[in-house]
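> Okay, sequence plus prediction incoming.
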Amino acid sequence: MSLMKSIDIPLGSKMPKFELKDPLGKVYTSEDLMGKNGLLIYVTCNHCPYAKAVWKRLISAAEFAKKLDINTVAINPNIHPNYPEDSPSKMLDLIKEYDLKFPYLVDETQEVSKALQAQCTPDIYLYDSKGELFYHGRVDDNWQNEDEVTKEELKEAIMLLFTGKEPPKNQKPSMGCSIKWRDTILG
């Protein structure tokens, strides 16, 4: 597993419009997913140890955001025969295991993840209601051990967005496994 970090994307960057399906084929658009106060996007997968370590915390942040009229969507770009744990059928298993209350979508062509400039799983984006990037960073300050978390940066950013304050000044990158780009691992 190659350790990667999310890249610096200018705050205020516009969210790319997208249309993706869930593992059962239901179509979602970025417009439909947008909440009254914004949209939280997780580019993630099932198999990456970094993503696995924070799934429950991402779910907790999504529940927190939902109370503030900020919706959430998870997007899986790792649809590739070499990574069967990330297949749509395994996504269904994860949806059931965690009783996800937000869509977990298949980015089969990887075009949405590329448009977001995602680098790793998880790569986390918080957009305001105008679709402008407000936060792009990690969920908290200890991906390995939830009991040792001292700063919940994602939840703090959600609260700043909700209360109309400025985005956090010091946004630390998310880190995780590299996205399994099809054009670099096929053949």
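Perfect, thanks for sending it. Numbers count the residues shown, from 1 in each chain.
> Going by C-alpha atoms from here, please, whenever you check contacts or count neighbours.
Fine.
> Which strand or helix spans Asn71?
strand 70-76 (DSSP states H and E).
> for that strand, what is the average pLDDT?
Here strand 70-76 scores 98 as its mean pLDDT.
> List of residues touching it?
The contact list for strand 70-76 (C-alpha atoms under 8 Å, 6 or more residues apart in numbering) reads 33-45, 62, 65-66, 86, 102-107, 113.
> How about Pro173: what's its closest non-neighbour residue?
Gly137 (4.4 Å; C-alpha to C-alpha, 6 or more residues apart in numbering).
> my guess is the one you found meets Lys172, correct?
Yes - contact status for Gly137 versus Lys172: in contact at 5.3 Å, counting by C-alpha atoms under 8 Å.
> Tell me which of those two has more neighbours.
Higher neighbour count among Gly137 and Lys172: Gly137, with 24 against 19, using other C-alpha atoms under 10 Å.
> Name all residues that make contact with the more buried one.
Ser6, Asp123, Ile124, Tyr125, Glu153, Leu154, Gln171, Lys172, Pro173, Ser174.
> for Glu111, same thing?
Glu111 neighbours (C-alpha under 8 Å, 6+ apart): none.
> for the most centrally placed residue in the chain, helix, strand, or coil?
Compute the mean C-alpha point of the chain, and by C-alpha atoms, centre = their mean the closest residue is Tyr42, 0.6 Å away. The local conformation at Tyr42, judged by DSSP: H, G, I helix; E, B strand; the rest coil, is strand.
> now swap in Arg57 and tell me
With three-state DSSP as the basis, Arg57 sits in helix.
> dump the residue contacts of it.
Val139.
> Adjust the sequence numbering to begin at 201 for everything that follows.
Okay, using 201 as the starting number, the last item reads as Arg257.
> what's the spacing between it and Ala274?
In this view, Arg257 and Ala274 are 13 Å apart by C-alpha to C-alpha, to the nearest Å.
> likewise His280?
17 Å.
> higher neighbour count, these two?
Ala274 (24 against 16).
> Against Tyr335, how distant is the more buried one?
In terms of C-alpha to C-alpha, Ala274 sits 16 Å off from Tyr335.
> hey, what's the residue nearest to the centre of the chain bridged with?
Ala274, Ile324 (DSSP bridges).
> Now do the contacts for it.
Contacts of Tyr242 by C-alpha under 8 Å, 6+ apart are Thr272, Val273, Ala274, Ile275, Pro322, Asp323, Ile324, Tyr325.
> will you turn those into a markdown table that also has distance to Lys290?
Below are the contacts of Tyr242 laid out as a markdown table (distance: C-alpha to C-alpha, whole Å):
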| residue | distance to Lys290 |
| --- | --- |
| Thr272 | 20 |
| Val273 | 17 |
| Ala274 | 14 |
| Ile275 | 14 |
| Pro322 | 17 |
| Asp323 | 20 |
| Ile324 | 21 |
| Tyr325 | 24 |
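> Out of those residues, the closest to Leu211 would be?
The closest of the contacts of Tyr242 to Leu211 turns out to be Tyr325 (C-alpha to C-alpha; 10.3 Å).
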